[in-house]
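Participant: Return atomic coordinates for the entry below.
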Amino acid sequence: MRIQLLGFVTLYLASALAGGGAFASSQVQEFKMANGLKVLVKEDHRAPIVVSQIWYKVGGSYEHGGTTGVSHVLEHMMFKGTKKYPAGEFSRIIAENGGRENAFTGKDYSAYFQQLEKSRLKVSFEMEADRMRNLTLPEDEFKKELAVVIEERRMRTEDKASALTSEQFDATAYTNNPYHQPIIGWMNDLENMQVSDVRQWYKKYYAPNNATLVVVGDVNGEDVFNLAKKYFSKLKPSDIAPTKPRLDAEQKGERRITVKAPARLPYLLMGYKVPSYKTAKKDWEPYALDVLAYVLSGGGSSRFSKSLVRKQQIAVSADTGYGIFSRLNELFLIDATPAAGYSVQQLEAAINKEIKKIKTELVSAKELERIKAQTIAAKVYEKDSVFYQAMQIGMLETVGLDWSLNDEYNKRIRQITAEQIQKVAKKYLIKDTLTVAVLDPQPLTAKKRRAGPVGRH
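Facilitator: Numbering: from 1, shown residues only. This next block holds a predicted model:
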């Protein structure tokens, strides 16, 4: 599955999930301040730590032509200081208190987090409340960070053939759905960005009535809310009009592109238009699509792995991806790399045979039971991390869903039948909504790009 976040979170999750410990089940407590800030607290008393996350309802999909990348640039600028805490002070104070912190920008949200010993939660709250409305956004710091982001784009997208292909794929698959634009922004937009663009974005979206504060750890809910009121209650809300739907125009036929870029291997990316949980008319369909993704590529015993990689040896890798809890309609993704001696066309034909088999033959009871067990186990493992518990709550709330969907997930997966999997495959994995991108590898040059500045992530 393609990474859809910009920031430190992917690496952080890997270390957080490795923390171990049995998942502690407890209800989320909800609080709401007069200025609109929502506070969600989940008590988990297994260790004397606390994770604090502040989520803003703004990300790459909120941007329009000419402003792409502004959410991510603002994420960088959130560490460049207020009058009370100059540039660098936020990170220094968190480290001084034995904590760690960072941020990430996604398609539908921007979020900032700290993990601390439980008695230090007030340190996090005081500084997050301060930078929610009091950034100085100096032009000299903006220019430095913009240069960092531009170089980040060069290194992670323009100099990385698979990422470049993925970016062009999204721009082709979507028409007016804002997921067609990259989170990091188009290069032309970045090169022409002004500090005034960031200031306007910050003033509009970084406000208590557009934010959710999520706290998970060894805490008491009422105590957390009282502490949050102390630091956040005096912040003034912003005037934010509801976002327009920006639903994608109906696709009326298969779309194909070829991307030529220096690379060692070709690469295939396929995507079918599908609903997310939020946009689906039948609420079981997204769960069936999620199970379908696991049937095709859920580990070493999945169909792609067994058939394409090991048996036919036609693929080096073949994976699926589906964002069940996105804010807008999604894509059911398949990405694969052909093995030596095979073409992208042969690999695509083999993938299509596997899809056809799903449509014509029901998944066996034994296979379905195994897939469900793997799917549920993956979710339980995610919840084993205090950090990831907070992330799941914040993500659902910020895209306009209810945090309780976390608790319903396993039950809903267990209810999915082989017939439902076949139905969604027949309904959604069709050529008229398919987009295909092929990376045509060009010769690699010996000359390497000079190393430039790198971001804090």
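
Participant: Tell me which helix or strand residue 380 sits in.
Facilitator: helix 365-383 (DSSP states H and E).

Participant: buried sites along that helix?
Facilitator: 368, 370, 371, 372, 374, 375, 382, 383 (16 or more other C-beta atoms under 10 Å). For every residue, glycine as well, the C-beta is placed using N, CA and C.

Participant: Following the chain onward from that helix, which element is next?
Facilitator: Taking DSSP H and E, what comes next after helix 365-383 is helix 386-398.

Participant: pull the CA atoms of that next one into PDB?
Facilitator: Presented in PDB, the C-alpha positions along helix 386-398 are these (Å, rounded to 0.1, in the frame of the first residue of the first chain):
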ATOM      1  CA  VAL A 386      -0.800   3.500  22.700                       C
ATOM      2  CA  PHE A 387       0.300   5.800  20.000                       C
ATOM      3  CA  TYR A 388      -1.700   4.000  17.300                       C
ATOM      4  CA  GLN A 389      -4.800   3.900  19.500                       C
ATOM      5  CA  ALA A 390      -4.700   7.600  19.500                       C
ATOM      6  CA  MET A 391      -4.000   7.800  15.800                       C
ATOM      7  CA  GLN A 392      -7.000   5.700  14.900                       C
ATOM      8  CA  ILE A 393      -9.300   7.800  17.100                       C
ATOM      9  CA  GLY A 394      -8.000  11.000  15.700                       C
ATOM     10  CA  MET A 395      -8.100   9.900  12.100                       C
ATOM     11  CA  LEU A 396     -11.700   8.700  12.300                       C
ATOM     12  CA  GLU A 397     -12.900  11.900  14.100                       C
ATOM     13  CA  THR A 398     -11.100  14.200  11.700                       C
END
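
Participant: Let me see the contact set for the nearest residue to residue 428 once chain neighbours are set aside.
Facilitator: Excluding the flanking residues, the one nearest residue 428 by C-beta to C-beta, 6 or more residues apart in numbering is residue 274, at 4.8 Å. Residue 274 sits next to 286, 289, 322, 329, 330, 331, 332, 424, 428 when contact means C-beta atoms under 8 Å, 6 or more residues apart in numbering.

Participant: So which of the residues you listed are in helices?
Facilitator: 286, 289, 424, 428 (DSSP state H).

Participant: For the residues you listed, could you give me a markdown table that also reports neighbour count, pLDDT and distance to residue 437?
Facilitator: Putting the ones in helices among the contacts of residue 274 into a markdown table (neighbours: other C-beta atoms under 10 Å; pLDDT from 0 to 100; distance: C-beta to C-beta, whole Å) gives the following:
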| residue | neighbour count | pLDDT | distance to residue 437 |
| --- | --- | --- | --- |
| 286 | 24 | 98 | 24 |
| 289 | 28 | 98 | 21 |
| 424 | 25 | 98 | 23 |
| 428 | 18 | 98 | 19 |
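
Participant: before we move on, back to that, identify all contacting residues around the helix holding residue 380.
Facilitator: So helix 365-383 is contacted by 17, 23, 290-291, 294-295, 298-299, 301-302, 363, 388-389, 392, 406, 409-410, 413-414, 416-418, 421 (C-beta under 8 Å, 6+ apart).

Participant: Could you list which of the residues you listed belong to helices?
Facilitator: Checked against DSSP H, the contacts of helix 365-383 include these in helices: 17, 290-291, 294-295, 388-389, 392, 406, 409-410, 413-414, 418, 421.

Participant: Give me the buried subset of the residues you listed.
Facilitator: Applying 16+ other C-beta under 10 Å to the ones in helices among the contacts of helix 365-383 flags 290-291, 294-295, 388-389, 392, 406, 409-410, 413, 418, 421 as buried.

Participant: Show me which of the residues you listed is closest to residue 62.
Facilitator: Set against residue 62, the nearest of those by C-beta to C-beta is residue 392 (21.3 Å).

Participant: Pick the one among the buried ones among the ones in helices among the contacts of helix 365-383 closest to residue 150.
Facilitator: When these are compared against residue 150 (criterion: C-beta to C-beta), the nearest one is residue 388, at 31.3 Å.
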